[in-house]
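# Dropping a prediction and its sequence here:
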Amino acid sequence: MSKIMLGQIDLWIEKFDSTDSNSLLEDILNGKINIEVMSDSVHAYWHGELELAQQFYDEMWVKEEEE
């Protein structure tokens, strides 16, 4: 897989998180996001696979266990 560049991340965040990179970073640091799946979403979006990018975006969120 190729290296992800800042421009790709910016466009992906603009599409999926309305440029709220601080909130996204907080979720990453708190273990709420599967980084590998997020990376797949960024790559898919960059290659024009919008439906696949959306699918990966939906799947990247770590599901909290019910107590």
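Good, I have the coordinates.

# so the most centrally placed residue in the chain is in which element?
Per C-alpha atoms, centre = their mean, the C-alpha nearest to the average position across the chain is that of Met38, at 3.5 Å. Element membership of Met38, judged by DSSP states H and E, is helix 35-46.

# in that helix, what's buried?
Val37, Met38, Asp40, Ser41, Val42, His43, Ala44, Tyr45, Trp46 (16 or more other C-beta atoms under 10 Å). C-beta coordinates here come from the backbone N, C-alpha and C atoms, glycine included.

# wait, what's in contact with the last one?
If I follow you right, that is Trp46. Residues near Trp46 by C-beta atoms under 8 Å, 6 or more residues apart in numbering: Ile4, Gln8, Leu11, Trp12.

# Give me the buried subset of the residues you listed.
Buried among those (16+ other C-beta under 10 Å): Gln8, Trp12.

# got a markdown table for the contacts of Trp46, with pLDDT, distance to Met60 and secondary structure too?
Listed next are these as a markdown table, based on pLDDT from 0 to 100; distance: C-beta to C-beta, whole Å; DSSP: H, G, I helix; E, B strand; the rest coil:
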| residue | pLDDT | distance to Met60 | secondary structure |
| --- | --- | --- | --- |
| Ile4 | 91 | 14 | coil |
| Gln8 | 92 | 15 | helix |
| Leu11 | 90 | 17 | helix |
| Trp12 | 92 | 11 | helix |
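
# Now do His47: how many residues are near it, please.
12 (other C-beta atoms under 10 Å).

# same check, this time on Leu6
7.

# Can you check the pLDDT for Tyr45?
Per-residue pLDDT puts Tyr45 at 96.

# so who does the nearest residue in space to it that is not next to it in sequence touch?
In space, Tyr45 comes closest to Ala53 once its chain neighbours are excluded; the distance is 3.7 Å by C-beta to C-beta, 6 or more residues apart in numbering. Shown in contact with Ala53 (C-beta under 8 Å, 6+ apart): Trp12, Lys15, Phe16, Ser41, Val42, Ala44, Tyr45.
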